[in-house]
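Colleague: what's the 3D shape of this:
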Amino acid sequence: MNPLFSKDPMLRYAIALDFSIKPGRKHWHASHPNGNQAIIPFGRKRSWRSERNIQASLRRAAGTPVP
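Modeller: Next comes the predicted model:
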């Protein structure tokens, strides 16, 4: 695993949900094997609300039920 992925909790969460990660110009592009996609913004400083929204987007794309 890329050391950069281990620093960002949203990238670790995406990898745990079985996404493959590719860099884009302004976002990480996360592709799930079921064909759905999500984006994760670059940057290390995010509010708790934006992290919650990113997690929800990843769960929707992965088809995982929301707890």
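Colleague: Tell me where this structure is predicted with low confidence.
Modeller: 1-2, 4-5, 44, 66-67 (pLDDT under 70).
Colleague: By residue count, tell me the biggest helix in it.
Modeller: helix 48-62 (DSSP state H).
Colleague: what comes up buried for it?
Modeller: Using 16 or more other Cβ atoms under 10 Å as the burial criterion, the residues of helix 48-62 that qualify are Ile54, Gln55, Ser57, Leu58, Arg59, Ala61, Ala62. Every residue, glycine included, has its C-beta placed from N, CA and C.
Colleague: all strands of this protein, in order?
Modeller: 20-23, 27-31, 37-41 (DSSP state E).
Colleague: returning to that earlier point: could the buried residues of helix 48-62 be laid out in a markdown table, adding distance to Lys7?
Modeller: Converted to a markdown table, these look like this (distance: Cβ to Cβ, whole Å):
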| residue | distance to Lys7 |
| --- | --- |
| Ile54 | 15 |
| Gln55 | 17 |
| Ser57 | 20 |
| Leu58 | 17 |
| Arg59 | 22 |
| Ala61 | 22 |
| Ala62 | 22 |
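Colleague: Who are the contact partners of the residue nearest the centre of the chain?
Modeller: Centroid-nearest residue in the chain, with Cα atoms, centre = their mean: Ala14, separated by 4.1 Å. The neighbours of Ala14, taking Cβ atoms under 8 Å, 6 or more residues apart in numbering as the test, are Ile21, Trp28, Ala30, Ala38, Ile40, Leu58.
Colleague: Are any of those residues buried, and if so which?
Modeller: Here the buried ones among the contacts of Ala14, as counted with 16+ other Cβ under 10 Å, turn out to be Ile21, Trp28, Ala30, Ala38, Ile40, Leu58.
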